[in-house]
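Structure of the sequence below:
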Amino acid sequence: MALGTLVKTLQNIMRKDAGINGDAQRIEQMTWLFFLKIYDAKEEEWEFHDDSYESIIPERLRWHSWAADHKDGRALTGDALLDFVNNDLFKTLPNLELSSNAPLRQVVVKAAFTDANNYMKDGILLRQVVNEIDSAVDFTEYKERHAFGEIYETILKDLQSAGNAGEFYTPRAVTDFMAQVLAPRLGERVADFACGTGGFLTSALKILAEQVKTPADQELYTHSVYGVEKKQLPYLLCVTNMLLHDIDNPEIFHDNSLESDVREWRHKQDGQFDVVLMNPPYGGSENASIQNNFPTALRSSETADLFLGLILYRLKKGGRAAVIIPDGFLFGQDAAKVEIKRRLLEEMNLHTILRMPQSVFAPYTSITTNILFFDNTKPSEGVWFYRMDMPKGYKHFSKTKPIRLEHFNDVKAWWSDRREIIEDGNPKAKFYTVDELRNGNFNLDLCGYPHEEEEILPLDELIRNYKEERARLDAEIEQKLAQICEILGIEA
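Predicted coordinates for the structure are as follows:
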């Protein structure tokens, strides 16, 4: 069965079940089932290569023991299957006893089921779902597993509804472009501190996989990525994604990256990374206990600001980063934003800001975003700004016409041959010195979009956009007043 057809078939079965309400629960239901089947296939590999391998999952709970239907009337179904899943599988796996030095491939099993749920209430329908998954793909076959891995991201994109607090699906073209620019190398460690479903990590792995030539290279590959995800469903999706990409001991942790004191990371070499690729959650707010994990100057209620602060401490000397950030950060004048921008220029080497079109994240949000490129090599000498315009023939990106990797071709060409570009009297690409940015109180809202088409937006998004525009105008007014006061020699 084609994988796209499989997903539709599973959705149609689940819609008949009274226990499942909406796509989010259908995704979660499919995900833990896919995880168990994929993990079972990986265990078959591990057993083949290591005679001493012992599964952390009790034999009765392993996929091949209960899910396979041999059509002999012995397969669990109906109330018996529901009882097994609810009262054995879901009570045992979250409570597995692990040794202090348990390998990560064991740890992820317990973490994956700690907050997972079985929403289905009809055991016969559950048996139909299990049978479809069990017969659809042979994950022991390398080609089939990798084919599924490539389509896995598409399944997520098609099924995920818009998230809250800025948690949106990052288009694969964007993650691939950012990874290609940073060009991770075998032996380097790549991190995403709010990794979601693992999109940035898989983009990095595609580049690293091409460099694997020897068993030693393969060993480096399997320890090349690190991720942290606070929410259970994307965490489980990410772990499954890593297994599909042959990361047998995925260093993906079900945790909150902001819950530890950032100052401690400066002295922990194993907590710093060569490459950071991120789209931090934005629009959310953090409480005082989280903010207290940061130096006073970096404390902010805005989640995205805190993640940028975190990166300042966890980017290794010589390391490089690419981070997606909303417009509000560029023109924001509150103390924490100004301090982060100052440090990016004076302590890091912020060298490029890519202004992206408004509808990159359509249909999930119209919030305009940017990519900050910086490294931990030296203080910045100045910043190049480049405005990425909509490709010809596009008014907006959409679910049916998403942004594609080839849409970055002009950016790539400019990247290797940097020059200032003026179009219709407005700068499309321009270099600003650190002194110029400092004199503007670190307002980075430069080389923006001169014309915007009117668009009917949902009320909550309209209000959010109005607030963002008001903040931008307030920042411009404050900047102009400061300049006037300086000229007149009076206090602002």
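
Where does Met30 fall, secondary structure wise?
helix 23-49 (DSSP states H and E).

mind listing what's buried in the lengthiest strand in the chain?
When the chain is scanned for its longest strand (criterion: DSSP state E), the result is strand 315-326. Buried residues in strand 315-326, defined by neighbour count with 16 or more other C-beta atoms under 10 Å: Leu315, Lys316, Gly319, Arg320, Ala321, Ala322, Val323, Ile324, Ile325, Pro326. (Each C-beta comes from the backbone N, C-alpha and C, glycine too.)

ok, those residues vs Pro103, which is closest?
Lys316 (25.0 Å; C-beta to C-beta).

hang on, that closest one packs against Gly271?
No: contact criterion C-beta atoms under 8 Å: Lys316 and Gly271 do not qualify, at 9.5 Å.

Would you mind writing the CA trace of the longest strand of the chain as PDB?
What follows is strand 315-326, C-alpha atoms only, in PDB (Å, rounded to 0.1, in the frame of the first residue of the first chain):
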ATOM      1  CA  LEU A 315      27.500  27.600  21.100                       C
ATOM      2  CA  LYS A 316      31.100  26.300  21.100                       C
ATOM      3  CA  LYS A 317      34.000  28.600  20.400                       C
ATOM      4  CA  GLY A 318      34.300  28.500  16.700                       C
ATOM      5  CA  GLY A 319      30.800  27.200  16.300                       C
ATOM      6  CA  ARG A 320      28.100  28.600  14.000                       C
ATOM      7  CA  ALA A 321      24.400  29.000  14.300                       C
ATOM      8  CA  ALA A 322      21.300  29.700  12.100                       C
ATOM      9  CA  VAL A 323      18.100  30.700  14.000                       C
ATOM     10  CA  ILE A 324      14.700  31.700  12.800                       C
ATOM     11  CA  ILE A 325      13.300  34.700  14.600                       C
ATOM     12  CA  PRO A 326      10.200  36.900  14.100                       C
END
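
from the middle of its chain, how far away would stretch 243-256 be?
Centroid displacement of stretch 243-256 relative to its chain, using C-alpha atoms, centre = their mean, to the nearest Å, is 13 Å.

so how far is the first residue of it from its last?
Start and end residues of stretch 243-256 are separated by 22 Å (C-alpha to C-alpha, to the nearest Å).

any idea of the mean pLDDT in it?
For stretch 243-256, mean pLDDT rounds to 93.

mind listing what's buried in it?
The neighbour-count check on stretch 243-256 (16+ other C-beta under 10 Å) flags Leu243, Leu244, His245, Asp246, Ile247, Pro250, Glu251, Ile252, Phe253, His254 as buried.

before we move on, what about stretch 185-201?
186, 188-201.

Among those residues, which ones are in helices?
Among the buried residues of stretch 185-201, DSSP state H puts Gly199, Phe200, Leu201 in helices.

Closest to Ala335 out of those?
For these, the minimum distance to Ala335 (C-beta to C-beta) is 29.4 Å, reached by Phe200.

quick one, what contacts that closest one?
Listed by C-beta atoms under 8 Å, 6 or more residues apart in numbering, the contact partners of Phe200 are Thr170, Thr175, Met178, Ala179, Val190, Asp192, Leu277, Met278, Asn279.

are any of these buried, and which?
Thr170, Thr175, Met178, Ala179, Val190, Asp192, Leu277, Met278, Asn279.

okay, now the domains of the chain?
Annotated domains of the chain cover 3-157, 163-456 [automatic domain parsing].

mind giving me a markdown table with those domains and columns for distance to Gln483?
Formatted as a markdown table, these follow (distance: least, C-beta to C-beta, whole Å):
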| stretch | distance to Gln483 |
| --- | --- |
| domain 3-157 | 46 |
| domain 163-456 | 8 |
